[in-house]
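Q: Quick one, fold the following:
(one chain, ligands or ions: 1)
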Amino acid sequence: MLTIDTINKQFGQKQVLRDLSFNVRPGEMFGFCGANGAGKTTTMRIILGLLTADSGTVTWQDTPLTRAVRRTIGYMPEERGLYPKMRPVEQLAYFGQLHGLGSAQATRAAEQWLERLGVVMGPKDTIDKLSLGNQQKVQLAAALVHDPSILVLDEPFSGLDPVAVDALADGLLEKAKAGVPVIFSSHQLDLVERLCDSVGIINGGEMVATGTVEELRARESRKQLELTVTGAGAGWAAKLPHAIGAQENGNRALVTPDSPESAPAILTAAMQLGTVEQFGWKTPNLAEIFRGAVAA
Ligand SMILES: Nc1ncnc2c1ncn2[C@@H]1O[C@H](COP(=O)(O)OP(=O)(O)OP(=O)(O)O)[C@@H](O)[C@H]1O
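A: Model prediction:
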């Protein structure tokens, strides 16, 4: 298991990470979410050993990460670092060899990942001739080419077209299935919700929520009621008792009760206003869970 335990990091006077902890098991996809500047990249750099934490530890299988283990991590940095005048296959094969692959094996892996991620290029194109999205795919291939034992990817999906998103998602799921722990940061919460076994939400350098999407959902559930009421007339939702918030949209409304126990009273009142077609707790999606967690 990859364990990030009580990490703290300060830049100058600014505390950027505060007692940050989370685990990622072999084979687990961990979605790392947080607003801009929340501390995701800093955390990933500490995992990679590119930055040193002021306190706290990063361990893999209960042992502090050595240089040798860190060499087996597939890392996609936020700032992309490719050699613009190299051809993608040469670049990737070079990275593969730096990580210990033989020359033929590295070239074969490079070609496979370029094809798999659908990099569109001419046979002689150097990296600077590729579109930004295709350069991004080459950068991703660089993290994957050496068959990493851990994957740490900083916003790997940003800027990719939907076909490339699916190709990368398949590639990551395959790695996870093979037992690799995969951490990726993303602002695309629908994608995180679809792909990840577990999620961490960081806010101001603190982990404010971790768990499976289902666990986070359970914590956020029973907060909003969804109602459909016909024949009640405009402004009906505002007339409901025990509501501290109501968004009405025609026959439908989202109502925030003052407490979960107020739901029956709200239902009774709605039945007096019109015909209740539908009534129940709203299932929050990850974006709503995220907003709730960072606002708390
Ligand atoms: N080298 C540095 N020196 C000073 N401050 C830094 C440095 N690196 C990051 N920071 C600050 O640390 C905080 C966390 O930044 P970080 O890049 O980790 O956030 P992030 O969650 O990855 O954001 P984003 O989603 O925008 O990429 C920010 O306030 C940033 O300005």
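
Q: quick one, what contacts V58?
A: For V58, the contact set (C-beta atoms under 8 Å, 6 or more residues apart in numbering) comprises 2-5, 7, 46-47, 64-65. In this view, the C-beta of every residue, glycine as well, is placed from N, C-alpha and C.

Q: go with 7 Å
A: Contacts for V58 (C-beta atoms under 7 Å, 6 or more residues apart in numbering) come out as 4, 46-47, 65.

Q: Bridge partners for it, pull those for me.
A: I4 (DSSP bridges).

Q: Get me the contact residues on the protein for the ligand.
A: For the chain, the contact set with the ligand under C-beta under 6 Å from any ligand atom comprises 11, 16, 34, 36-42, 78.

Q: hmm, which of these are the buried ones?
A: Burial by neighbour count, 16 or more other C-beta atoms under 10 Å: within the residues of the chain next to the ligand this picks out 16, 34, 38-42.

Q: returning to what we had before: mind listing which of the residues of the chain next to the ligand are in strands?
A: Using DSSP state E, 11, 16, 34 are the members of these that sit in strands.

Q: got a markdown table for the contacts of V58, with neighbour count too?
A: Shown next, in a markdown table, are the contacts of V58 (neighbours: other C-beta atoms under 10 Å):
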| residue | neighbour count |
| --- | --- |
| I4 | 22 |
| I46 | 22 |
| I47 | 22 |
| L65 | 20 |
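
Q: now, which of the residues you listed sits nearest the ligand?
A: Nearest to the ligand among the contacts of V58: I46, at 9.6 Å, using C-beta to the nearest ligand atom.

Q: need the contact list for the closest one.
A: 7, 9, 53, 58 are the contacts of I46 under C-beta under 7 Å, 6+ apart.

Q: Which of the helices or strands spans V199?
A: strand 198-203 (DSSP states H and E).

Q: List the pairing partners of the helix or strand following that strand within its sheet, with orientation.
A: Sequence order places strand 206-211 as the next helix or strand after strand 198-203, per DSSP H and E. Strand pairing for strand 206-211, determined by DSSP bridges: strand 198-203 (antiparallel).

Q: List the contacts of the partner strand.
A: 22, 28, 30-35, 38-40, 192, 207-213, 216, 286, 290, 293-294.

Q: quick one: low-confidence parts of this structure?
A: 80, 296 (pLDDT under 70).

Q: Break it into its domains for me.
A: 2-218, 222-285 (the TED database).

Q: So which of those is the most surrounded?
A: With neighbours defined as mean count of other C-beta atoms under 10 Å, those peak in mean count at domain 2-218, which reaches a mean of 18.

Q: my read: G292 touches S221, true?
A: No. With contacts counted by C-beta atoms under 7 Å, G292 stays clear of S221, the gap being 10.7 Å.

Q: out of those two, which sits in the more crowded spot?
A: More crowded of G292 and S221, by other C-beta atoms under 10 Å: G292, with 18 against 14.

Q: List the contacts of the closest residue to that one other than its chain neighbours.
A: Distances taken as C-beta to C-beta, 6 or more residues apart in numbering place E220 nearest to G292, at 5.3 Å, with adjacent residues excluded. When contacts are counted by C-beta under 7 Å, 6+ apart, E220 is found next to 284, 288-289, 292.
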